[in-house]
Structure formats: structure tokens, C-alpha cells
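Engineer: Any chance you can model this:
(one chain, ligands or ions: 8)
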Amino acid sequence: MNRQGFAVLGCSLFVFCFAGMATGAEEACITCHRTISPGQVADWDFSRHSAEDVTCSVCHGEEHTDAQDFREAILPDEHVCAQCHEEQFSSFVRGKHNFGWSTLNALPVTHVEPDELMEGGRGCGGCHNMGVKSDAQKKEQRDKGYRYQNNSCDECHTRHSFAKKEAQDPRACQQCHMGYDHPQWEMWSSAKHGTRWFVKQGGRLPENAQAPICQECHLPDGTHENRTAWGFLGVRLPLPEDKQWAADRVTILKALGVLNPETGEPTARLEVVKSLDMVRLTEEAWLTERNKMIKTCAKCHSENYAREQLAYGDSMMQKADRLMAEAIEIVAGLYKEGIIQRPENYAFAYPDLLYFMRTGGGNMARMSHIDQVLLEMYMKHRMRTYQAFFHVNPDYAYWYGWAMMTKDLGEIKELAHTMRAAARMEK
Ligand code: HEC
Ligand code: HEC
Ligand code: HEC
Ligand code: HEC
Ligand code: HEC
Ligand code: HEC
Ligand code: HEC
Ligand code: HEC
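Structural biologist: Ligands and ions are numbered 1, 2, ... in the order given. Below you'll find the model as predicted:
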């Protein structure tokens, strides 16, 4: 788009029209900020925006003009970027990243943890600041006194360079896709796909050597829409044909609080999960994503090879679910016998995995250790077991995944035994 185009767009959609703005004011922003925040201006200087005359006030407005009134500056949200980048904006909005902030806020644990970890942008909020916020969500942040974190576009191409090249580097994903429950960075970078990329970076493989990165598999061809077949929770509907696997998945869905553990009926939480696109609800929706992925693999592997590799991941998930369901049932038995009391905030006398480590339903004084072992088994070790298969990482699949699930199950059995013995002694 040429500058004339922007001027029209800017005037029609913007509160201010940058083309008509006095260059004096522009100069003032830059001159003053070169002194007070020189690093920031240096980044903007080499950006495409600088070359295209997308100056400070295009994004921040011109209400703030001196050192005192800086609270008048607009902190631009994604709609501001959308005025010139409609294509990326609308594909982003269709993808899973657009749900980051809403899923965070849908979880019960979020509301019992310190706000600094949410709105404050460290902890959960540091990674879940993804997705266009509704007016109500923005108001909630402001009411709590939080002013920043209004934009998710700067999560992969950071301000103020806003560089395409930065977002094309797999390290752009690392901050969020790492660690406890989703170590995709660690898995990819230490497996063959990642290793090759690093070797290539080091100049030891030629430019046309093939080394798939996160973006190639998950944001192919410049799309900003992301979604995988299984997703994070690793459950889907309808239930599988295999009877044991179907029963195990029902047990997991109960522990996620989306099925009532007493009646097996859906709860209100299932509606939330559906509305946030957390699970694929039909076989077709699941297959659509799976087939897209296989097409990507088939750029470098034979299609049959790829299908088989991914099918191994599915059957590992089935085996992991067996261990998981057995563990959930043991802990659920303790609730049933009254050995573990239902925390005040739990809907049922049943484990609730969506309280994470706050297994007292938020009450720090009444946490249940066996529930914490169960949570770790689900959040850390089951995730690793199947995620590592998909990211072709042998060590994560076995030692950090499956082997640890086995260990958790052993510990849960032992703890249940001791807890029952202690309960008998008290009687
Ligand atoms: C005379 C100096 C001066 C001028 C001119 C100036 N600023 Fe600032 N600006 C500041 C100072 C000082 C701060 C506060 C810095 C701090 O918090 O340490 C600030 C903060 C900001 C912030 C952050 C606001 C916040 O809530 O944290 C933005 C955005 C900003 N300026 C943009 C601009 C733009 C755009 C212009 C031109 C229209 C401009 N500035 C002109 C001095 C200036
Ligand atoms: C393409 C849009 C865009 C342009 C151009 C732009 N900014 Fe920003 N700026 C942002 C975004 C997005 C944020 C983050 C807002 C938030 O956290 O809510 C931001 C945040 C800031 C902040 C506060 C946070 C921090 O890191 O200090 C300052 C100060 C700031 N910008 C100054 C400037 C200055 C000075 C210029 C011109 C040299 C400029 N901006 C140009 C988009 C822009
Ligand atoms: C007034 C129009 C305008 C606004 C507003 C704007 N941009 Fe841009 N942006 C451009 C132009 C022009 C280019 C260069 C041509 C292109 O890539 O489309 C560009 C390029 C880019 C690029 C590619 C840079 C590269 O290295 O090739 C990114 C990424 C980007 N913008 C992100 C953003 C984000 C994020 C925002 C909001 C915070 C934003 N832009 C707001 C006009 C704008
Ligand atoms: C290090 C960054 C990071 C932190 C910290 C973090 N998350 Fe996440 N979260 C992610 C990523 C990345 C995903 C997607 C992972 C995947 O699909 O494997 C995710 C996925 C989720 C999902 C599943 C979304 C879905 O649609 O399947 C929920 C719910 C969630 N996180 C809640 C939380 C809560 C609550 C906290 C804090 C108690 C938290 N997260 C902390 C990065 C983070
Ligand atoms: C999850 C990471 C991520 C987020 C978040 C993200 N982008 Fe991007 N963006 C990318 C990647 C990767 C590319 C490079 C695509 C390619 O290879 O063509 C890119 C490229 C771009 C480009 C350059 C397009 C071109 O081909 O010149 C623009 C403009 C852009 N993004 C705007 C945005 C806007 C606007 C948002 C927020 C709505 C956003 N991006 C959010 C990863 C991201
Ligand atoms: C060679 C292709 C490929 C590369 C490279 C790749 N992934 Fe994946 N990723 C997959 C496949 C396949 C799945 C599972 C898809 C399914 O559910 O069928 C997956 C799943 C995911 C998921 C959903 C949860 C999970 O782990 O199963 C996230 C999030 C993810 N990948 C992020 C990343 C990140 C971040 C990187 C880079 C560090 C990356 N991936 C590199 C192929 C890839
Ligand atoms: C600022 C943190 C952040 C960055 C950076 C980030 N992501 Fe994510 N990503 C998330 C969160 C949070 C989710 C889960 C969103 C939700 O709640 O549904 C997610 C979800 C995903 C999913 C969907 C998994 C599913 O459930 O199907 C994929 C794929 C993915 N990201 C790939 C990437 C890639 C590739 C990059 C780098 C180009 C990247 N992400 C960069 C935070 C991030
Ligand atoms: C851009 C090319 C490319 C894409 C796309 C790609 N791979 Fe690979 N893959 C490679 C290369 C190169 C190797 C290393 C070759 C080797 O191990 O001999 C490799 C290795 C593997 C290995 C390990 C092989 C071994 O013998 O140890 C598996 C398994 C694998 N890929 C599966 C997949 C799957 C599944 C997908 C899609 C989700 C995929 N790959 C996508 C290039 C690619």
C-alpha cells in the first residue's frame, strides 16, 4: 500500500490523521525520546515502520507532548495494527492464539493467584497475553490499575523493531512454548529437526538444507492462524471406539470438571471449553488439522512415514490415558471415602485438575499432596509423553514422560495406602 492509501485509511479510521500532522510534533517525539529512551528509538530507526513513515504518533497519538503528560499517550491495541495489516490481523483472530487471555481467565486457579502473575505480565499473564481483548477485559485490567499489555502482535515481532525476520526465527516462540507443561522448545531443539537447524545456523549445512522449524509446521505460508489436532489438553470428542480408552477419557474429562463425576452429564464448564476452542468437537475437525500437518511432513518425508509417526503419538496417548485414569480413580476413591474432604470451591468431591497446584481449591491451608502428585502426572508427565512423540524427542517421551507417569502412579498407590491406614488409626 502506498502512503496515499494510508493517509485515507488513517483519516477515515483513526482518531488522528498522521499524514496531515505537523512534522514538528513528530520530530519532538523522536528528539525527546532519543534522550529519555534511546534504545527504543534505535529499534524503531532500523524498522520498516521508520522507512515507511509510520512514526511514534501513528501508534501512540499526539495528545502527550511533554514529560508530564505521558499518561495521555495511547497504548495501541491490535486494532491499530489491523488498520494497515488487516490480513495478518484477521488470520490471527481465527487461530488459537486469539484465545490465550480468555482461556487464562476461564480457569478457576487464575482468580486465586496473585494479580502480578496475570495482569502484571509475568507468570501466566506473560504468556497468555495473546488475543484481542474485549472492552470488558480491558476495563477489568484498568480497574485493577494495570495499564500495559494491550497488544499481542508484539509477542513474536517485538516492539519497536516489529521485524518479520525476528518472528520467523523459532526462538520467537521459545519464551512461551517451553518449560513445565509444554516444553516444545526443549523437545524440538534437542531432537533432529532442531539440531539440524542449529547446525545450519552455524554455517555447517548449506542454505537449502532442510530443517523444519516451529513456524513451518504451525504457521505455514505466512498464516497467523494456529491450531493442532489434539491441542494442549489431549482430549477430544466424540469418544474413541476402543471401550477402555473411551472409559479412560471419560475419567479424565471428569477430573477436568467438564463431566459431572456423579452422573456423567456435561457441566457448565464444557460449554466454556467449547467456546474457547480447547478441544476438537468432531472427528472431522480433528482430521482437518491432522491432514494439514501430514501435508507439511510430506514436503520432506514420505506420506506413509509421516502418518505412521503421528499414529505412534496417538497410541502413546491412549496408553498414557490408561495410567492417568487409574491414578484419578485412586484419588477419587479417597474423596468418596471421606479421607480427602471436598475443598470449599470444588464443585464435586472429586479431583479438579484445573486448580493446578492449588489443590485446596485456593485454600493454602488445606492442600492435598496426593492431588498434587496427580496434577504433576497430568500437567507435566502426560503432556511430555505425547508431545514428545509429536516433536520426535526420544528422551522426553520416555524418561521425562512415560517413566515419570509410572513413578507417579506408584507414588499415588503408596500414598493412598498410607492415608487409608492413617484414617483407620484415627477411628
Ligand atoms: C519533552 C519530552 C517528550 C516528548 C516531546 C514526548 N515524550 Fe513521550 N514520554 C516522555 C517521558 C518523560 C515519558 C515517561 C517516561 C518514563 O516513564 O520514564 C514518556 C512516555 C511516553 C510513552 C509511554 C506512556 C506510558 O504510559 O508509559 C509513550 C507511548 C510516549 N511517550 C510516546 C510519545 C509520542 C508518540 C510523542 C510525540 C507525540 C512523545 N512521546 C513526545 C517524554 C516525551
Ligand atoms: C507500529 C506501532 C508503534 C510505533 C510506530 C511506535 N510504538 Fe511505541 N508501542 C507500541 C506498542 C504496541 C506498545 C506496547 C503497548 C502496551 O503494552 O499496551 C508500545 C509501547 C511504548 C512505550 C511504553 C512501553 C515501553 O517499552 O517503554 C513507549 C515509551 C513507546 N512505545 C514509545 C514509542 C516511541 C518513542 C516511538 C517512536 C520512536 C514509538 N513508541 C513508536 C507500538 C508502537
Ligand atoms: C499506518 C500504517 C501502519 C500501522 C498502524 C502499522 N504498520 Fe506495520 N507496517 C506498515 C508498513 C507500510 C510496513 C512495510 C510494508 C509491509 O510489510 O506491509 C509495515 C511492516 C510491518 C511488519 C513487517 C516488517 C518487516 O520486517 O518486513 C510488521 C511485522 C509490522 N508492520 C507489524 C505491525 C504491528 C505489530 C503494528 C501495530 C502495533 C503495526 N505494524 C502497525 C504500516 C503500518
Ligand atoms: C511459559 C508460558 C506460560 C505460562 C507461564 C502459562 N501458560 Fe498456559 N499455555 C502456554 C502455552 C504455550 C500453551 C499452549 C501449549 C500447548 O498447546 O501445548 C498454554 C495452554 C494453556 C491452556 C490450554 C488452552 C487450550 O486451549 O488448550 C490453559 C487453560 C492454560 N494454558 C492456563 C494457564 C494458567 C491458568 C497459567 C498460570 C497458572 C498458565 N497457563 C501459565 C503458556 C504458558
Ligand atoms: C505467534 C507469532 C506471531 C504473532 C503473535 C504475530 N505474528 Fe506477524 N508474523 C509472524 C511470522 C512467523 C511472520 C512471517 C511470516 C512469513 O514467513 O511470511 C509474520 C509476519 C508478519 C508481517 C509481515 C508480512 C509480510 O509478509 O511482509 C506482518 C505485517 C505481521 N506479521 C503483522 C502481525 C500483526 C498485525 C499481528 C497481530 C494481530 C501479528 N503479526 C502477530 C508471527 C507472528
Ligand atoms: C516437523 C513439524 C513440527 C515442528 C518443527 C514443530 N512442531 Fe509442534 N507439533 C507438531 C505436530 C505433528 C504436533 C501434534 C499435532 C496433532 O495433534 O496431531 C505438534 C503439536 C504442537 C503443539 C500442541 C501441543 C503438543 O505439543 O502436542 C504446540 C503448542 C506446538 N506443537 C508448538 C511447537 C513449537 C513452539 C515448536 C518449535 C519449538 C514446534 N511445535 C515445532 C509438529 C511440529
Ligand atoms: C507470548 C507467548 C507466546 C508466544 C511468543 C507464542 N505462543 Fe503459541 N501459544 C501461546 C499460548 C498462551 C497458547 C494457548 C492459547 C489458548 O489459550 O488456546 C498458544 C498456542 C499455540 C498453538 C496451538 C496449540 C493447540 O492447542 O492446538 C500453537 C501451534 C502455537 N501456539 C505455536 C506457536 C508458534 C509456532 C510460535 C512462534 C512463532 C508461538 N506459538 C509463539 C503463547 C505463545
Ligand atoms: C523441512 C523438512 C522436514 C519436514 C517438514 C519434516 N521433517 Fe522430519 N526430518 C527432516 C530431516 C532432515 C530429518 C533428519 C534426517 C534423519 O534423521 O536422517 C528428520 C527426521 C525425522 C525423524 C527422525 C528420523 C530418524 O531416523 O531418527 C522423524 C520421526 C521425523 N523427522 C518425523 C517428521 C514428522 C512426523 C513430520 C511432520 C510433522 C516431519 N518430520 C516434518 C526433515 C523434515
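Engineer: Counting neighbours, show which residues of the longest helix along the chain come out buried.
Structural biologist: In the chain, with assignment by DSSP state H, the single longest helix is helix 303-336. Buried residues in helix 303-336, counted by 16 or more other C-beta atoms under 10 Å: 306, 310, 313, 316-317, 320-321, 323-325, 327-328, 330-332, 334-335. Where C-beta positions appear, they are placed from N, C-alpha and C, glycine not excepted.
Engineer: Show me what it is packed up against.
Structural biologist: When contacts are defined as 3 or more C-beta pairs under 8 Å, 6 or more residues apart in numbering; DSSP states H and E, helix 303-336 packs onto helix 243-255, helix 283-297, helix 369-376, helix 383-390, helix 403-426.
Engineer: What residues does the stretch 51-200 of the chain have near ligand 8?
Structural biologist: 192-193, 196 (C-beta under 6 Å from any ligand atom).
Engineer: who wins for most neighbours among those residues?
Structural biologist: Within those, neighbour counts (other C-beta atoms under 10 Å) peak at residue 193, which reaches 22 neighbours.
Engineer: Helices of the stretch 101-250 of the chain, start to end?
Structural biologist: With DSSP state H, counting those that start in this stretch as the criterion, the stretch 101-250 of the chain has helices at 124-127, 135-143, 164-167, 171-174, 184-190, 192-201, 214-218, 243-255.
Engineer: With only the CA atoms kept, save the fourth one in CSV.
Structural biologist: Output for helix 171-174, consisting of C-alpha atoms alone and laid out as CSV, is shown next (Å, rounded to 0.1, in the frame of the first residue of the first chain):
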residue,chain,number,x,y,z
ARG,A,171,13.4,-18.5,19.2
ALA,A,172,10.5,-16.1,18.9
CYS,A,173,8.3,-18.9,20.2
GLN,A,174,10.7,-20.0,23.0
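Engineer: is that helix anywhere near ligand 3?
Structural biologist: No - using C-beta under 6 Å from any ligand atom, we find that helix 171-174 stays clear of ligand 3, coming within 11.0 Å at best.
Engineer: packing partners for that helix?
Structural biologist: helix 184-190.
Engineer: What average pLDDT does the helix it packs on get?
Structural biologist: For helix 184-190, mean pLDDT rounds to 98.
Engineer: So is that helix next to ligand 6?
Structural biologist: Yes - using C-beta under 6 Å from any ligand atom, helix 184-190 reaches ligand 6 at 184-185, 188.
Engineer: before we move on, what about stretch 383-393?
Structural biologist: Yes - Stretch 383-393 reaches ligand 6 (C-beta under 6 Å from any ligand atom) through 387, 390-391.
Engineer: Could you list the alpha-carbon positions for that stretch in PDB?
Structural biologist: Taking C-alpha atoms only, stretch 383-393 is exported to PDB below (Å, rounded to 0.1, in the frame of the first residue of the first chain):
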ATOM      1  CA  MET A 383       2.000 -33.800  28.400                       C
ATOM      2  CA  ARG A 384       5.600 -34.900  27.800                       C
ATOM      3  CA  THR A 385       4.700 -38.400  26.900                       C
ATOM      4  CA  TYR A 386       2.600 -37.400  23.900                       C
ATOM      5  CA  GLN A 387       4.000 -34.000  23.000                       C
ATOM      6  CA  ALA A 388       7.500 -35.600  22.700                       C
ATOM      7  CA  PHE A 389       6.200 -38.100  20.200                       C
ATOM      8  CA  PHE A 390       4.900 -35.400  18.000                       C
ATOM      9  CA  HIS A 391       8.200 -33.500  18.300                       C
ATOM     10  CA  VAL A 392      10.300 -36.600  17.700                       C
ATOM     11  CA  ASN A 393      12.200 -36.500  21.000                       C
END
